[in-house]
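Trainee: Give me coordinates for this.
(chains A, B and C)
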Amino acid sequence: MKRRTLMHLAAAAVAIAAAAAPALAQDALRIGAVGPKTGPLAGGGAVTFWPNVQLWAADVNARGGINVGGTMRPVEIVEYDDQTNPGETIKAVQRLATEDQVDFILAPYSTGLNLAAAPIFDRFGYPMVTHTATTDKVAELSAQFPNMFFSLGGAQGIATGVVEVLTGLRDRGDIGNRVAMVNVADAFGIELAGAARPQLEAAGFEIVYETSYPLGTQDLSPIMKGAVAATPDAFVAWSYPPDTFALTEQAVIENLAVGAFFTAVGTSFPGYAGRFAAQAEGVLGVGGVHADGAAFQEYAARHEAVTGAKPDFWASAMTYSTFQVLEQAIEGAGTTDRAAVAQYIKDNAFETVIGTLDYDENNNNPAFWTVGQWQGGVFKGVASTGREGAVDVVVKPAWQ
Amino acid sequence: MDIVITGLVLGGTYALIAMGLNLQYGVARIMNLANGEILVAGAFAAFWFWTAAQLSPLLTIFLVAPVAYVVNWLIYVIILRPLVRRAKSRGQLEVDAILTTFGLGFVAVGLMLAVMGGDYFSYSYLSVPVMLFGEPYGLNRIVAFLAAVVICGALYLWLNRSRAGLAIRAIATAPASARLVGIDVPRLSARAFALGGAVTAVGGALISTFLTLDASTGVIFTLKALVIVIMGGVGDVRGTIVAALLLGLLETFVAVLIDPGLTLAAAYLLFVLILLFRPQGLFGRRTT
Amino acid sequence: MTATEWRDLGLALVVLVVAAGLPFFGTPYYLTLGVTIAMYAVLATSWALFSGPTHYISLATAAFFGLGTYVTAVGIDHLPYWLLLPIAGVIGAVVAGLVGLATLRLSGVYFVIFTLGLAEFIRQVITWAQNLMGTRGLYVLTDLGEREIYWQLLGLAALVFLGGWLIGRSRLGFALRIIGDDEEVARHSGIDTARAKVMLFMVPGAVASITGAIIAPRYVYIEPALAFAPILSFTVVIMALLGGTGRLWGPLVGVIPFTFLTEWVARWFPNQSTLVMGLAFLVIVFLLPKGFVGLIDGARARARGAFA
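Mentor: Numbering: from 1, shown residues only, chains lettered A, B, ... in the order given. This is a model prediction of the structure:
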């Protein structure tokens, strides 16, 4: 904690020093970063977004910089807090583009804030490689914003992954076909519940309990009691971090006996295992990584060494990978010309910490992790739309 | 039975959130919009002592309470008292208090971000089931409920039996007359404000055992506390307790029997309806 | 009309024309700031139209703003955009009218928190309805850029100022000033205080709703947490109070410096922006107890004193 504070102070000092010394800007590549440091999404941003900005800059500069057409140029991050407010995101991106005149801008955090910023990225021609935007409207959006890229997958793909995992467990005889499904009543939860419902039914599952709850509900025990009363074989929650924690805690308390327990955002946070320890074993969550792969393990070690915190097992690596895409595209194109770099991203595949990233004709990354599972203290990917390294899913043991 | 217990326990949580604000607004006349930040600070202290030293939140509160008391006392004396002196009318003070405490809330969020970063703080404490009437409940919630009963009971007794308590109630009811009968209004107002802050911080430490918070979540609790205090009626401990329990019961009732998606809508509907029929809140007195 | 009024009107027209030219001579960055200023100017001025004379502090701005964004988000695929703005206005006014009727008996802090609770209630109902219908995140993809949004907001601002000026001259404005001074007196002198307050409360309701409808294309993606964020209500109140609610142009002189202040803080203190913002707040409250209007009036009085 102390170290974290020092880091913040050091980062602030560097930022102030950098602002005061424009001479440095001559050979440095100036990269903008906008994300929530305060407001409702600050918690997620602090786990997933900001540490990776810091890590990426440290990694690049340790290598001597980005090779732009033969000259090694270090990167200099210009960062702003958008307060989880789309109006502030728009202002900050605009400020980066016209006042700071940065060379490139990293995509903001979360679906809503990315889409608010998209018109400005588009107007100035910045390639926008999103890491934490999930949408099923990829075709429409990439038609409107041709330099916007989508990496994390859409609701349909994630829902398909969950249904596949449940089907696999059922076909092995580990669970029956009774499913309880709940969702947080916000865009994310509504979208995923809507995508999962028909797919579950088509796969022959019976939805024995289904409900939503408002964002910020402080007691989820009635929901868990309702789920327990419906005696499901599998429990699926399209939840956000605070309720992911609360639902798991209630499931332990109410002793929800299921062979598959799935919660969404937050399950892959290191803090989840930190809080639930052995109880986390066998819990399924959205996302995942090839946790046993050398690329991820090396990345995780660097992440902890540089930022003082562990990465999460889903969007952290994805976030870092999109920064790698940008970096490699600048090197590949050999120029800081934004249009050339965007075109390079469209035309090429990139080797990153999550594996190969290759955007299709709709600027969409078709291969993404959909479901992971805590196994032996590590959150491992168990289902994806074409990623290597998935491990076999195990049936959820009883809560201890 | 199940609904009643779950509802009461949730109501206890709400009482913890709102009780401090009632003291601050009812007596010291400060509509404290930084109330939620004090709560989060208390929660953070509990989290920090637990992760760093495995110190139980039930012990931490005895550390949090005096510290929060002193901090809030200083805030009142240094920042808010000049506003109280300067205000020509009740309305002027209300506007100034809103602006100032809103700013204080920003300062508090900024300080907490600098100290602990924006990460969630969540930990597991007493998250084991206890059986009541054959149904399992989280022990941490039950403990927080019992603590709420103790705190509210102690406050109620103190306000009704002790001299200082009577004086404080006199200020809440009629500040001008209180001064006439020789009550030191400024000194007691500062004390009431500090006490409110201490209660809020203790509440934060207790609810952190089952809720996941981060530095920016304070505003959610401020909103909830404001609604509960107003619903119950300003300046009356009973009102806040009854309003908190009513909300807890209603939300649980709706969640179990109607639709969990409507819990908060129902809570605010209840709030709106109560104010329509009792504009001064459940236990409030009509102000002229 | 008196000569001063003609002069003020002319002055306002000049300001409007100059402001409308911003997209032609400013950088896109200034245009973005212009949108922010125009948006808050509209919201704060209309807010003060009601709250200035009545001294009621309303925290319902976010509710009406959110309603407006949803009108655009839901309607954009079915109706022409230009039709959505008046629809948003009517919905905002009707809801505000209902709220006004319900809140007549409330006073002081009860009214403040009531409006806050109401905003949350509307947000919860809309969220629940969206969930029930399984509607996905709502996308507003249009060709409207910052420039078009800016001009729309500017037009709305002109309407608000014109409306405010007319209300100030009307019987309604007169009645409201009396209510603000002393409601009892107003009632005794035969003013229908309830009707006056409800009618006036519909103005900020409709305006905030139209503003939301105009802003929706800028946000592209509409979800309840962003559209109904309560911080908007607070920001509007703060800006209006910092400016001063006693005059029509009061909120405007709060909005402009406040926008530049937040911008400056966001730029130079990206990691401590909340902290610095909070400190700036305290300084302003202590040094400017009567808002910027008080400061300007004070300076004017001193200047007059110096020359007299």
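
Trainee: Quick one: mean pLDDT over whatever helix or strand A:F149 lives in.
Mentor: For A:F149, the host element (DSSP states H and E) is strand A:148-149. Strand A:148-149 shows a mean pLDDT of 94.

Trainee: remind me which residues of the stretch 1-150 of chain A are low pLDDT?
Mentor: Applying pLDDT under 70 to the stretch 1-150 of chain A picks out residues A:1-26.

Trainee: what's near enough to touch A:E79?
Mentor: Applying C-beta atoms under 8 Å, 6 or more residues apart in numbering or on different chains to A:E79 gives the contacts A:A15, A:G32, A:A33, A:V34, A:G35, A:W50, A:V53, C:P270, C:N271. Any C-beta I mention is one placed from the backbone N, CA and C, and that applies to glycine too.

Trainee: Contacts only, for the fourth one.
Mentor: A:V34 makes contact with A:E79, A:Y80, A:D82, A:T89, A:A92, A:V93, A:L96, A:I105, A:L106, A:P108, A:L113, A:A117 under the criterion C-beta under 8 Å, 6+ apart.

Trainee: out of those, which are inside strands?
Mentor: A:E79, A:Y80, A:I105 (DSSP state E).

Trainee: OK, contacts around the second one?
Mentor: A:Y80 makes contact with A:G32, A:A33, A:V34, A:A92, A:R95, A:L96, C:A266, C:R267, C:P270, according to C-beta under 8 Å, 6+ apart.

Trainee: Quick check: which element contains B:L83?
Mentor: When elements are defined using DSSP H and E, B:L83 is found to belong to helix B:81-86.

Trainee: what about that helix, near chain C?
Mentor: Yes - using C-beta under 8 Å from any C-beta of the partner chain as the criterion, contacts between helix B:81-86 and chain C involve B:P82, B:L83, B:R86.

Trainee: Please list only the buried members of those residues.
Mentor: When the residues of helix B:81-86 next to chain C are checked for burial by 16 or more other C-beta atoms under 10 Å in any protein chain shown, the buried set is B:L83.

Trainee: these two touch, right, A:G176 and A:R170?
Mentor: Yes - under the contact definition of C-beta atoms under 8 Å, A:G176 touches A:R170, with a separation of 6.9 Å.

Trainee: Common neighbours of the two, please.
Mentor: Here A:G176 and A:R170 share the contacting residues A:D233, scored by C-beta under 8 Å, 6+ apart.

Trainee: the more surrounded of these two?
Mentor: Each of A:G176 and A:R170 had its neighbours counted (other C-beta atoms under 10 Å in any protein chain shown), and the higher figure belongs to A:R170 (20 against 16).

Trainee: Please produce JSON lines containing the contacts of A:E79, extended by distance to A:A339 and secondary structure.
Mentor: Rendered in JSON lines, the data for the contacts of A:E79 read as follows (distance: C-beta to C-beta, whole Å; DSSP: H, G, I helix; E, B strand; the rest coil):
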{"residue": "A:A15", "distance to A:A339": "29", "secondary structure": "helix"}
{"residue": "A:G32", "distance to A:A339": "18", "secondary structure": "strand"}
{"residue": "A:A33", "distance to A:A339": "22", "secondary structure": "strand"}
{"residue": "A:V34", "distance to A:A339": "22", "secondary structure": "strand"}
{"residue": "A:G35", "distance to A:A339": "25", "secondary structure": "strand"}
{"residue": "A:W50", "distance to A:A339": "29", "secondary structure": "helix"}
{"residue": "A:V53", "distance to A:A339": "24", "secondary structure": "helix"}
{"residue": "C:P270", "distance to A:A339": "28", "secondary structure": "coil"}
{"residue": "C:N271", "distance to A:A339": "33", "secondary structure": "coil"}
